[in-house]
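J.: Build me a structure from this.
(one chain, ligands or ions: 1)
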Amino acid sequence: MPLPTSRLQRVNEPIPPILDLVIAGLDSGLLWLLESGPVWSGHGTLKPCVVCRVKITNDEIQHDVVGPRGSLPVHVRCYQIWRTRSNKLRRRT
Ligand SMILES: [Zn+2]
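T.: Numbering: from 1, shown residues only. Now for the predicted structure:
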């Protein structure tokens, strides 16, 4: 009896732990606590997201946020997690 060699191995897609990136970024000073909303929103301009470093493609929505180092692009999903984290941290102080 042949061994079941074709057992499908599910390859875990590496889901970027965006919350981890946000926490690390806030820790290292790469990111800052968001105060105001994005200054610009629209289709991605192929610039790397400040949170996850992945290029924001044209079929994704990009927010530009203003911080200490000027206006930087961020994915809408990264922004939301960053925003939630910022609100949480601000409330604590
Ligand atoms: Zn991102």
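
J.: ranges for the strands of the chain?
T.: 40-43, 61-67, 70-75 (DSSP state E).

J.: Go through those and name the closest to the ion.
T.: strand 70-75 (3.4 Å; C-beta to the ion). In short, each C-beta sits where N, CA and C put it, glycine included.

J.: quick revisit: is it possible to export the strands of the chain to CSV including mean neighbour count?
T.: Formatted as CSV, the strands of the chain follow (neighbours: other C-beta atoms under 10 Å):
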stretch, mean neighbour count
strand 40-43, 12
strand 61-67, 19
strand 70-75, 18
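
J.: can you redo those strands as a markdown table with mean pLDDT?
T.: Output for these, formatted as a markdown table (pLDDT from 0 to 100):
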| stretch | mean pLDDT |
| --- | --- |
| strand 40-43 | 98 |
| strand 61-67 | 96 |
| strand 70-75 | 96 |
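
J.: could I get those strands as a markdown table with distance to the ion?
T.: Below are the strands of the chain laid out as a markdown table (distance: least, C-beta to the ion, whole Å):
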| stretch | distance to the ion |
| --- | --- |
| strand 40-43 | 14 |
| strand 61-67 | 9 |
| strand 70-75 | 3 |
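
J.: V50: which of these is closest?
T.: Nearest to V50 among the strands of the chain is strand 70-75 (4.3 Å), distances taken as C-beta to C-beta.

J.: For T57, give its distance to the ion.
T.: Distance, T57 to the ion, using C-beta to the ion, to the nearest Å: 11 Å.
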